[in-house]
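In: Below are the sequence and a predicted model; questions follow.
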Amino acid sequence: MDPNQAPVENYANPKTCLFHVLFKGAALAFYILSALFFNSFVIIFVVTVLLAALDFWVVKNVSGRILVGLRWWNEINDLGESVWKFESLDQESLARMNKKDSWLFWWTLYFAAAAWFILGVFSLIRFQADYLLVVGVCLSLNVANIIGFTKCKKDAKKQLQQFASQTIASRFQSTVQSAFTLV
């Protein structure tokens, strides 16, 4: 090993990464392989959607927080309108997030949605409307997480920009005030 070579960064949260990938893989694998073992559409539907729902919950409430420092949810306000809520770690903590963890989080999120989309196309081509329903539910859960975390990431960047502009403005103001007090 070259002593000048930078050490390879490992996953900071390997257990969280495992479960982040495990439920996605389990839902996809069960859906793909279930036709070999089960003749019952109901069993395939229930187990696949249950695995996809577990994946949705783990991504939204656990791995999103730990791997990328983001959390989102949706509330209905008093007027009956849907309101998105976002949480993110402070900018210093976000900057320290493990790059490999973040990479795994985002790529598996998009890969799983692409895989469900492709399976949906196959179901459509084969005229299997019932299996298209399973794929639609699973794809919807994945897309909800993609939209939620993408909006959350944009909100975190917007908060950083606002913080930076407020900091610059307050420093400028204090510099101007101190300059005028000297005069």
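Out: That came in fine, so what should we check first? Numbering: from 1, shown residues only.
In: From L139, how far off is the most centrally placed residue in the chain?
Out: Nearest residue to the geometric centre of the chain (CA atoms, centre = their mean): F149, 4.7 Å. Distance, F149 to L139, by CB to CB, to the nearest Å: 16 Å. (Each C-beta comes from the backbone N, C-alpha and C, glycine too.)
In: do the same with S88
Out: S88 is 26 Å from L139, by CB to CB.
In: now F117
Out: Taking CB to CB, one finds F117 at 6 Å from L139.
In: Which one's more surrounded, these two?
Out: Neighbour tally, F117 and L139, criterion other CB atoms under 10 Å: the higher count belongs to L139, 20 against 14.
In: and the more buried one, what does it touch?
Out: A113, W116, F117, G120 (CB atoms under 8 Å, 6 or more residues apart in numbering).
In: Was I right to think the second one contacts V135?
Out: Yes: W116 sits in contact with V135 when judged by CB atoms under 8 Å, with a separation of 5.6 Å.
In: tell me which helix or strand of this structure sits lowest on mean pLDDT?
Out: The weakest-scoring helix or strand in the chain, judged by mean pLDDT, DSSP states H and E, is helix 91-95 (a mean of 63).
In: Where does pLDDT dip in this protein?
Out: 1-9, 11-12, 90-95, 155-183 (pLDDT under 70).
In: so where do the helices sit in it?
Out: 14-37, 41-58, 64-68, 91-95, 99-125, 129-182 (DSSP state H).
In: possible to save those helices as TSV with distance to E75?
Out: Formatted as TSV, the helices of the chain follow (distance: least, CB to CB, whole Å):
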stretch	distance to E75
helix 14-37	25
helix 41-58	17
helix 64-68	17
helix 91-95	24
helix 99-125	23
helix 129-182	13
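In: Show me the one of the ones you listed that comes nearest V83.
Out: Distances from V83 to each of these were compared using CB to CB; the minimum, 11.9 Å, belongs to helix 129-182.
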